[in-house]
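**Q** here is a sequence with its predicted model. Questions after.
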Amino acid sequence: MTVLRPVLLLIVPGGWDVVPEAVAELRRCLADDYGGTLMLRQATTLLRSPLMHYCGYWEPGVMPFARRDVPPRVQDAFIDLAWAELDEVG
């Protein structure tokens, strides 16, 4: 029998840079705190920020904690450098 695990499907806007240490911390948080995994995909359309989809089976009662713990780690893991390019132009 296959046991469904929690999965965070994270769709990252194209052109955003990765902060490797923060992605490692996000993976650690998902694995250690929730028994979950991270699935990364790059967006093919314009997005303003990373899009988080909580997939799979999350234990009852843990979603409020995941929704509290995960978003700040996602913000730390990916950075939009478009503002830096605009500063160089202006």
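**A** Yes, it's here. Residues are numbered from 1 along each chain as shown.
**Q** by average pLDDT, which secondary structure element in the protein comes out worst?
**A** When the helices and strands of the chain are compared on mean pLDDT, DSSP states H and E, helix 82-89 comes out lowest with a mean of 59.
**Q** distance check, Asp32 against Thr2.
**A** Asp32 sits 22 Å away from Thr2, going by C-beta to C-beta, to the nearest Å. C-beta: built from backbone N, CA, C; applies to glycine.
**Q** more neighbours, these two?
**A** In this view Asp32 and Thr2 are compared by other C-beta atoms under 10 Å, and Asp32 has more residues nearby, 9 against 4.
**Q** pretty sure that one sits in a helix.
**A** Yes. Under DSSP: H, G, I helix; E, B strand; the rest coil, Asp32 falls within a helix.
**Q** run through this structure and note the low-pLDDT ranges.
**A** Screening the chain residue by residue with the criterion pLDDT under 70, one finds the ranges 1, 83-90.
**Q** show me the helices in this protein, by range?
**A** 20-34, 63-77, 82-89 (DSSP state H).
**Q** closest one to Thr44 among those?
**A** helix 82-89 (17.4 Å; C-beta to C-beta).
**Q** check contacts around the closest residue to Met39 other than its chain neighbours.
**A** Closest residue to Met39 apart from its sequence neighbours, by C-beta to C-beta, 6 or more residues apart in numbering: Leu9 at 4.8 Å. Residues in contact with Leu9 (C-beta atoms under 8 Å, 6 or more residues apart in numbering) are Met39, Arg41, Met52, His53, Tyr54, Cys55.
**Q** out of these, who's nearest Pro71?
**A** Relative to Pro71, and with distances defined as C-beta to C-beta, the nearest of the contacts of Leu9 is Met52, at 7.0 Å.
**Q** roughly how far apart are that closest one and Val3?
**A** Distance from Met52 to Val3, by C-beta to C-beta: 22 Å.
**Q** comparing these two, which residue is more hemmed in?
**A** Met52 (14 against 7).
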